[in-house]
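Enquirer: got a predicted model here, sequence first, then my questions.
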Amino acid sequence: MKFKTISKAKSISLFVLCMVLVVVAGAIVMWGIPKNWKGIGDRGKAAYITQGLDLKGGTSITYEVEKGASQSDIADTRAKLEKRVQSKFSSEATAYREGEDRITVDIPGAYDAGKAIKELGKPGKMYFTTKAEDGYEPTEEELKNEDYIKFEDAYYKVWLTGDEVAEAKGQSYTDPDTQQLKNVVAITFTESGKTKFGEMTSANVGSQNYVIYNDSVITAPKIDEAILGGSCEISGSFKTISEANELATNIRIGGLKASIKELSHSVQSAQLGNDALSKSLKAGLIGFIIICIFLLFVYRIPGLAAALSLVAYVEMMLLALNGFDLTLTLPGIAGIILDIGMAVDANVIIYARIREEIAAGRQVQNAIYTGFKKATSAIVDGNITTLIAALVLLWRGSGTVQGFATTLAIGILVQLFASLVISRAFVWLLYYMGFQKEAFYGKEKVRKTIEFVQKKAILFAVSIAVIAIGLISIAFNASKGDPFDYSIEFKGGISIDVEFEKEYNVDYFNDSIKPELEKILNTTDIQGQQDTNNKKMFKIKTRSLSEEEFTKVKEALIKNHKAVDKEQNFGNTEISDTISSEMRRDAVIATIIATICMLIYIWIRFKNIQFALAAVVALVHDVLVVVGFYGISRVTVGTTFIACLLTIVGYSINATIVIFDRIRENRASMKRGDELIDVVNASITQTLTRSIYTTLTTFVMIFMIFIMGVSSIREFTLPLMVGIIAGMYSSVCVTGSLWYVMKKGSEKKAE
C-alpha cells in the first residue's frame, strides 16, 4: 500500500501550528476574546457559560393566583408557565406551587429580575370576542361558562380564549403594495382554536374582533374575510417590532388558565454553594490529568496524540457551551462526563487496534492506517446509537432531560471530530516527525481466550441475583412507605424563610447548617438558597415536617446559628414538586422511543435482530442495577436521578456495541470448522483490555469528583460509579453470551 508522505520539517511545522491552535483555544476558554475586538465582545471564556440554579443560582419570581381559581386551573397554569419560561430563558428553568395560591418560577442566570418579569409578560385572561347583538342579555349560565363577558357596560360574545393560541410572535416585512415596513403580530391557533376562529371570522366579516386582555382591549382589528387556515395577522399601529413583540408576549401568556400577578422577586444563590463548581472542576481536572498520564504510559506516542485530542475536545466543548448559550447543570455535567468517557473509549479502541496490527506483523505505517480503518465502524456505531437516544430525548423530553440531551448531543459530535480527525492528525504528524519505530507504539499481547460463554450460567446468575436484591429492597421499602427516598423535586415539601443575625454564604450552610439539620430530620434532602438582595435571608427547602420536627429545626437554628428569634421569622409554606408528572412521563416515553430507535439501528447495522435484543437486555440490566442501588442505599432520588439513568443508558449501549462489532468482524473471517462459541469468546477476550481501560478511566474521572465534591454531588456521582461498573460487567459477561444463546436458539428453530 502506498502512502502520501510529508517531510519531517513540514510535519514539525504543522505540529507546532496545531499546538498553537490548542493554546489559543485554551486561552480563549480561560480569559475570553478581548473586549476591544468590535463585533465579537468578550466571549468564549468558560466562566461566562450560563450555569443552572444548582451551580450558580438565578432569579426567583413568585406570582399570586387570582381568587376563585380551581386547583386544576392552578396546576395547568403552573405547567404552562414553566413551559413558557423554559422556552424564553432556559430548559433548566422550573415552576412550582408554593402554598395554596402561589406559583414560583426559578430562572437560572437571569439576574435582572425586572427584565425577566417584563419579558415574561403580564399574565392574565385573554378573550377573542365580538360585540353581542344590540339588546342581547346573556343568561346566567352563559356568563358563568364565559360564553359571554361583560366589559365597559356592554356584552361581548367569547369565541375562543388565549388558551387556544399555539404561537404568537412579532414580525416585520415590507408591504408589497405600499413598500413600507410593516410590523405585525402573527398568531397560530391550536386545532380547536383554528375551528373556533374560523367560525368567528366567517360569521362576522366586516365587524371588529375585540381581543380583551386583563379587562382591557389590547387590539380591535377589523375582520376583512373569513380566516379558516388556523393563523392570522394583527396589523395595527406598531411603530417598532418591539411593540409587536410586546403584544405577542401578552397574547402568548394570556393562554394561562388562571390570572396571576407578580407578588415578589429575588435573586437566589446557587443551591450547591459557590465552591461546588470550582471543586468539581478541580476534581475533574485532576481526573483528566490522570487519564492523560495513563494514556501516555500505556500507549506511548499514540497516547500523546490521544491526550492532545482530549484537550482539544474539552476546549471545543466549552466553547460550544458558550457559543450556543447552553445552561450547565449537574445533569449537563453528567453528559460531558459520558462524552469524555466515549472520547477516551474511541482512542483506546483505535490505539489497541494499531497495536494488534503491529503484533500481526504489519509495519507501523500500515498498522496506523489499518487501525483507524478497523476502529471507525465501532466508534461510529456506538456514537450514532447514543446520538439517536440524545436526539429523541431532546425531541420528547422536557426540562433537565432536554438540557442533558442537548449537552450530550453536542458533545458526541465534538468528540467524534476530536477522535477521528484531530487524533488521527496528531498520530500521523508524530509519525512523520520521526516516531516510526515499533517501540513507540507497542504490541498488543496475545491473551489466552477466556471461556465466557461456558461460564454463562454463573455470570447470568450473578446478574439476576444483584437485580433481585435491588428489586426486593425496593418492594420492602414500598411496603413501609416510599420505594425510594424521593426528594422534594419529586414529591414536594416545605419551604422555610429564615433570617439570621449575620450574613452566611451557601457554603457555610452546606458545611455547617445542613449536616445538623440532616441529623435532626434523618434526611439529606435539604436545600438552602440565599437571597442575594438580603444576604441574611435564607430559603430552606426540605420534606414536609411535623410540628415537633419544625420546632427542633427552629430551636437549632436560633441556638447554634443565630437565627433571628422573632415571631414573623420562620415563615413556611408547602411547595409542590418541580419534576412534574408530565416531565416524568416525557422522560419515560422518550427513553422507550429511544430504546426502540437504538434497537432498529443496531438491527439494521448488524443485520441481526439478536444483536439488537441482546444490547437492549444489557441496557435494561444496567438500569435495573442502578435503580436497585438507589433502593438499597436510599440515595436521594432527585433531579439528577433521570440524568444518571440516561447516562448509564448511553454508556451501556456504547460498551456493548464495541464487543458486537468485534463479533461481527470475526464472524466474517470464520474458517470452516470454526465454532461460533469460540468466535464469541475470542471477541470478548480481544476487547477485554479496551473494556477495562475505558471503565477505569471513566471511573477515575467520576471518583475524583466524588471524593472532592460537595455532598449533593457525591450523591449524584455514587450511582454513576455503580452504573459504570454494571456497564462493564454486562458488556463483558452478559451480552456476548446472551447473543450466542439467542443465535443458537434461532438456528435450532430454523432447522
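Expert: On my side now, so go ahead. Numbering: from 1, shown residues only.
Enquirer: neighbours around the closest residue to residue 359 other than its chain neighbours, how many?
Expert: In space, and not counting its chain neighbours, residue 359 is closest to residue 443: 4.2 Å by CB to CB, 6 or more residues apart in numbering. C-beta coordinates here come from the backbone N, C-alpha and C atoms, glycine included. Close neighbours of residue 443, defined as other CB atoms under 10 Å, add up to 16.
Enquirer: looking at this, residue 443 is in a strand?
Expert: No: counting by DSSP: H, G, I helix; E, B strand; the rest coil, residue 443 is not found in a strand; it is coil.
Enquirer: quick one: it from residue 352, how far?
Expert: Per CB to CB, to the nearest Å, residue 443 is found 11 Å from residue 352.
Enquirer: ditto for residue 346
Expert: Taking CB to CB, one finds residue 346 at 11 Å from residue 352.
Enquirer: these two - which one has more neighbours?
Expert: residue 346 (29 against 22).
Enquirer: can you tell me the closest non-neighbouring residue to that one?
Expert: residue 419 (3.7 Å).
Enquirer: who's the closest residue to residue 238 other than its chain neighbours bridged to?
Expert: Nearest non-adjacent residue to residue 238, counting by CB to CB, 6+ apart: residue 183, 3.8 Å away. Note on residue 183: beta-bridge partners by DSSP bridges are residue 172.
Enquirer: now residue 183: how far from residue 693?
Expert: Relative to residue 693, and taking CB to CB, residue 183 is found at 60 Å.
Enquirer: which stretches of the stretch 601-750 of the chain form helices?
Expert: Taking DSSP state H, counting those that start in this stretch to define them, one finds helices in the stretch 601-750 of the chain at 609-633, 639-668, 676-686, 688-708, 711-729, 736-750.
Enquirer: which helices and strands does the fifth one pack with?
Expert: What it means is helix 711-729. With contacts defined as 3 or more CB pairs under 8 Å, 6 or more residues apart in numbering; DSSP states H and E, the packing partners of helix 711-729 are helix 275-299, helix 330-359, helix 609-633, helix 639-668, helix 688-708.
Enquirer: if we go to 10 Å?
Expert: The contact analysis (3 or more CB pairs under 10 Å, 6 or more residues apart in numbering; DSSP states H and E) places helix 711-729 against helix 275-299, helix 330-359, helix 456-480, helix 514-521, helix 609-633, helix 639-668, helix 688-708.
Enquirer: what about residue 354, how many residues close to it?
Expert: Neighbour tally, residue 354, other CB under 10 Å: 27.
Enquirer: find the nearest non-adjacent residue to it, please.
Expert: The nearest residue in space to residue 354 (CB to CB, 6+ apart) is residue 371, at 3.4 Å.
Enquirer: didn't that neighbour look like it was pressed against residue 356?
Expert: Yes: proximity of residue 371 to residue 356 meets the contact threshold set by CB atoms under 10 Å, at 7.4 Å.
Enquirer: which one of those two has more residues nearby?
Expert: Between residue 371 and residue 356, counted using other CB under 10 Å, residue 371 has the larger neighbour count: 25 against 21.
Enquirer: can you pull the contacts of that one?
Expert: 302, 349-358, 362, 424, 427, 441 (CB atoms under 10 Å, 6 or more residues apart in numbering).
Enquirer: how about it, secondary structure?
Expert: Per three-state DSSP, residue 371 ends up helix.
Enquirer: numbering from 12 from now on, please.
Expert: Got it, the first residue is 12 from now on, which makes the last one we talked about residue 382.
Enquirer: next one: it, what pLDDT does it get?
Expert: We have a pLDDT of 90 for residue 382.
Enquirer: any figure for the gap between it and residue 366?
Expert: Distance from residue 382 to residue 366, by CB to CB: 8 Å.
Enquirer: overlap in contacts, those two.
Expert: Common neighbours of residue 382 and residue 366 (CB under 10 Å, 6+ apart) are 313, 452.
Enquirer: excluding its backbone neighbours, what's nearest residue 709?
Expert: Nearest to residue 709 is residue 352, by CB to CB, 6+ apart, at 3.7 Å.
Enquirer: residues contacting the one you found?
Expert: 302, 426, 658, 661-662, 665-666, 705-706, 708-710, 712-713, 735, 738.
Enquirer: quick one: which of these is nearest to residue 293?
Expert: residue 712 (12.6 Å; CB to CB).
Enquirer: so who does the closest one touch?
Expert: Applying CB under 10 Å, 6+ apart, the residues contacting residue 712 are 294-295, 297-299, 301-302, 347-348, 351-352, 355, 728, 731, 735.
Enquirer: hang on, the earlier thing: and for residue 357 and residue 363, which residues touch both?
Expert: residue 386.
Enquirer: residues touching the residue nearest to residue 370, list them.
Expert: Residue 454 touches 365-372, 378, counting by CB under 10 Å, 6+ apart.
Enquirer: which among those end up buried?
Expert: Taking 16 or more other CB atoms under 10 Å as the criterion, what is buried in the contacts of residue 454 is 365-369, 378.
Enquirer: same list (those) but as a markdown table, adding distance to residue 536 and pLDDT.
Expert: Converted to a markdown table, the buried ones among the contacts of residue 454 look like this (distance: CB to CB, whole Å; pLDDT from 0 to 100):
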| residue | distance to residue 536 | pLDDT |
| --- | --- | --- |
| 365 | 49 | 91 |
| 366 | 48 | 90 |
| 367 | 50 | 89 |
| 368 | 53 | 90 |
| 369 | 54 | 92 |
| 378 | 54 | 92 |
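Enquirer: surely residue 387 meets residue 395?
Expert: No: in this structure, residue 387 is not within contact of residue 395 by CB under 10 Å, at 11.7 Å.
Enquirer: wait, which of the contacts of residue 382 is closest to residue 548?
Expert: Taking those together and measuring to residue 548 by CB to CB, the closest member is residue 360, at 53.2 Å.
Enquirer: just give the nearest non-adjacent residue to the closest one, would you?
Expert: In space, residue 360 is closest to residue 386, 4.6 Å off (CB to CB, 6+ apart).
Enquirer: mind telling me what element that neighbour is part of?
Expert: helix 375-407 (DSSP states H and E).
Enquirer: before we move on, the earlier item: so which of the contacts of residue 454 is the closest to residue 404?
Expert: Using CB to CB, these come closest to residue 404 at residue 365, 34.3 Å.
Enquirer: so who does the closest one touch?
Expert: 310, 312-313, 373, 375, 378-383, 385-386, 438, 452-455.
Enquirer: quick one: it from residue 375, how far?
Expert: 8 Å.
Enquirer: returning to that earlier point: helix, strand or coil: sort out the residue nearest to residue 357 for me.
Expert: Residue 430 ends up helix, using three-state DSSP.
Enquirer: neighbours of it, how many?
Expert: With other CB under 10 Å as criterion, residue 430 counts 28.
Enquirer: for it, give me its contacts.
Expert: 317, 320-321, 324, 353-358, 360-361, 383, 386-387, 390-391, 394.
Enquirer: apply 7 Å and report the result again.
Expert: 320, 354, 357-358, 390 (CB atoms under 7 Å, 6 or more residues apart in numbering).
Enquirer: which of those has the most neighbours?
Expert: Busiest of the contacts of residue 430 [other CB under 10 Å] is residue 358, holding 31 neighbours.
Enquirer: is it true that that residue touches residue 434?
Expert: Yes: the pair residue 358 and residue 434 passes the contact test of CB atoms under 7 Å, sitting 5.9 Å apart.
Enquirer: now for these two: what residues contact both?
Expert: 317, 320.
Enquirer: picking up where we left off before, so for the residue nearest to residue 709, what's the pLDDT?
Expert: For residue 352, pLDDT reads 82.
Enquirer: any idea which helix or strand comes after the helix or strand of the chain with the lowest mean pLDDT?
Expert: Each helix and strand of the chain was given a mean pLDDT (mean pLDDT, DSSP states H and E); the minimum falls on helix 124-131 at a mean of 66. Once helix 124-131 ends, the next helix or strand along the chain (criterion: DSSP H and E) is strand 137-142.
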